[in-house]
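In: What follows is a predicted protein model with its sequence.
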Amino acid sequence: MFGSIEAGGTKFVCAIATDELEIVKRESFPTTTPEETMKDVLEFFSPYKESLKGIGIGSFGPIDIQYESPTYGYITSTPKLGWQQFDLMTLVSFVR
């Protein structure tokens, strides 16, 4: 199974799909504070944690994509207050 997150400015859309890319479950959550929004996201994926092969993420940004960087996976200088310098990668890294 695979997970996906579309992290938008007004909502986060999360989905679970089979290896054949059939969507099993899909939900959306309002983009509020990182604490509130990511709590919803992690609760969504929690029942699938053991079976997920990975999670694809499309997010507002900018995001630091330099693997060697200490802020790799962070939403960096976004105009979305509260999300600046937010470590998105660590919160979803339970799937590896």
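Out: Perfect, I can see it now.

In: In a helix, Pro47, correct?
Out: Yes. Pro47 sits within a helix when classified using DSSP: H, G, I helix; E, B strand; the rest coil.

In: residues in contact with it?
Out: Contacts for Pro47 were tallied using C-beta atoms under 8 Å, 6 or more residues apart in numbering; there are none. Using the backbone N, CA and C atoms, a C-beta is placed for each residue, glycine as well.

In: roughly how far apart are it and Thr90?
Out: As defined by C-beta to C-beta, to the nearest Å, Pro47 lies at a distance of 21 Å from Thr90.

In: most remote residue from the protein's center?
Out: Note on the chain: the largest C-alpha distance from the chain mean falls to Glu20, namely 21.2 Å (C-alpha atoms, centre = their mean).

In: Confirm that one sits in a helix?
Out: No. Assessed with three-state DSSP, Glu20 is coil; it does not lie in a helix.

In: Could you give the backbone dihedrals for it?
Out: Geometry field for Glu20 lists phi and psi as phi -90, psi 10, criterion degrees, to the nearest 10.

In: Repeat that for Pro79.
Out: In this entry, Pro79 is assigned phi and psi values of phi -70, psi -10 (degrees, to the nearest 10).

In: for Ser59, same thing?
Out: The phi/psi pair for Ser59 (degrees, to the nearest 10) reads phi -140, psi 150.

In: bridging residues for it?
Out: Ala7 (DSSP bridges).

In: Tell me how many other residues crowd it.
Out: As a burial measure, Ser59 scores 18 neighbours (other C-beta atoms under 10 Å).

In: List the residues that contact it.
Out: Neighbours of Ser59 in contact, by C-beta under 8 Å, 6+ apart: Ile5, Glu6, Ala7, Ile75, Leu88.
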